[in-house]
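Enquirer: I would like the atomic coordinates for the input below:
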Amino acid sequence: MSKLFIYVFFLFLSACGVNQPTQVITGATMGTTYTVKAIDSGVSKLQIEQVLDQVNKTFSTWDPKSELSLLNRQPTNQWIDVSSELFFVLNQSQKVYQQTQGYFDPGIGRLIDAWGFGVVKVVQKPNQARVDELLPLSSIQYLQLNKGRVKKIKAIHLNLSAIAKGFGVDQVARLLKKHHVKDFLVEIGGEVIASGKQRDRYWTLGIEQPSGANPIAIVLNNQAIATSGNYRNYFVWEGRRYMHILTPSSGLPASTDLASVSVLNAQAMMADAYATAMMVMGSEKATELAKQLNLSVVLILNQQHDFKVVKINP
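Expert: Residues are numbered from 1 along each chain as shown. The predicted structure follows:
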């Protein structure tokens, strides 16, 4: 799913304590940038990029040779063996699809391409007839999973953009933990996971406010956070402002009362998926979902000439 990210400002606090060496590694991946900050780490940039390259080789819709691209070209009604990573993410995607009542649906790849939000570049937006034609081929409910194999019941195209960056964050975190690194922060395109502390304090970051007010400070206690927003990247269609995220049930661009959603979770991939779904469903249903799943969420509501910050389960 063509997910948009707002800027996240890291507020690294100075604090008393022993000055341990902080390793900072930056680079590019998945069409965006990444930053890894680790205390007393021996993990190299090459090791990190090997992990990220594997994520790209599995989930990229831009690479025609990726595992996901190959799956999208497979015929229907045939069981296909997939990697453990792809099976895991598809299984978690179906879980979030059920939890969000379809507001998170990575099975709408054909619609994403039709709107020009994916790999395919379009000259004009699709008309309603074209959207109606693609809707029956656009849902992850038409994908069956069984013991490392998948089967497409209909000729759907999967787009895992709204969960893959978070998965990449989690994979880098696993690499660091495997090498016994306890204190680190990993960020890819605004998706963040933090472990341990920096200078005797938990990692702290700030969520940018569209009003220009000071960033909202968030302390990450061995948690991940993902933010989805529309106030920097949007388009105007038929006189209305829309985000580059589709409402799966209608196949049309979403337009809600939310300027951004930030979700905290133990896993960046889950925070990523929930944030996307909440942006599409709007503040009322997002609040209900957060309470139902006991998620810590920061909503920024767009109230015409002002913005309102709502914190749920802080």
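
Enquirer: The lengthiest helix in the chain: how far from the chain's middle?
Expert: The longest helix of the chain (DSSP state H) is helix 161-178. Centroid displacement of helix 161-178 relative to its chain, using Cα atoms, centre = their mean, to the nearest Å, is 11 Å.

Enquirer: tell me which residues in it are buried?
Expert: 161-173, 175-176 (16 or more other Cβ atoms under 10 Å). No exception for glycine: its C-beta is placed from N, CA and C like everyone else's.

Enquirer: just stretch 141-154 next, same as before
Expert: 142, 143, 150, 152.

Enquirer: What is the end-to-end distance of it?
Expert: 9 Å (Cα to Cα, to the nearest Å).

Enquirer: Helix or strand next in line after the longest helix of the chain, which one?
Expert: Next along the chain after helix 161-178, taking DSSP states H and E as the criterion, comes strand 184-188.

Enquirer: Quickly run through the sheet partners of the helix or strand that that following strand is followed by, with directions.
Expert: Downstream of strand 184-188, the next assigned helix or strand under DSSP H and E is strand 191-195. Looking at strand 191-195 with DSSP bridges, its partner strands are strand 184-188 (antiparallel), strand 224-229 (antiparallel).

Enquirer: After strand 191-195, which helix or strand is next?
Expert: Taking DSSP H and E, what comes next after strand 191-195 is strand 197-198.

Enquirer: average pLDDT for that following strand?
Expert: Strand 197-198 shows a mean pLDDT of 90.

Enquirer: thinking again about what came up before, which one of the buried residues of helix 161-178 is nearest to residue 32?
Expert: Using Cβ to Cβ, residue 165 comes nearest to residue 32 of those, at 7.4 Å.

Enquirer: separation between residue 70 and residue 76?
Expert: Distance, residue 70 to residue 76, by Cβ to Cβ, to the nearest Å: 15 Å.

Enquirer: One more: residue 151?
Expert: In terms of Cβ to Cβ, residue 151 sits 8 Å off from residue 76.
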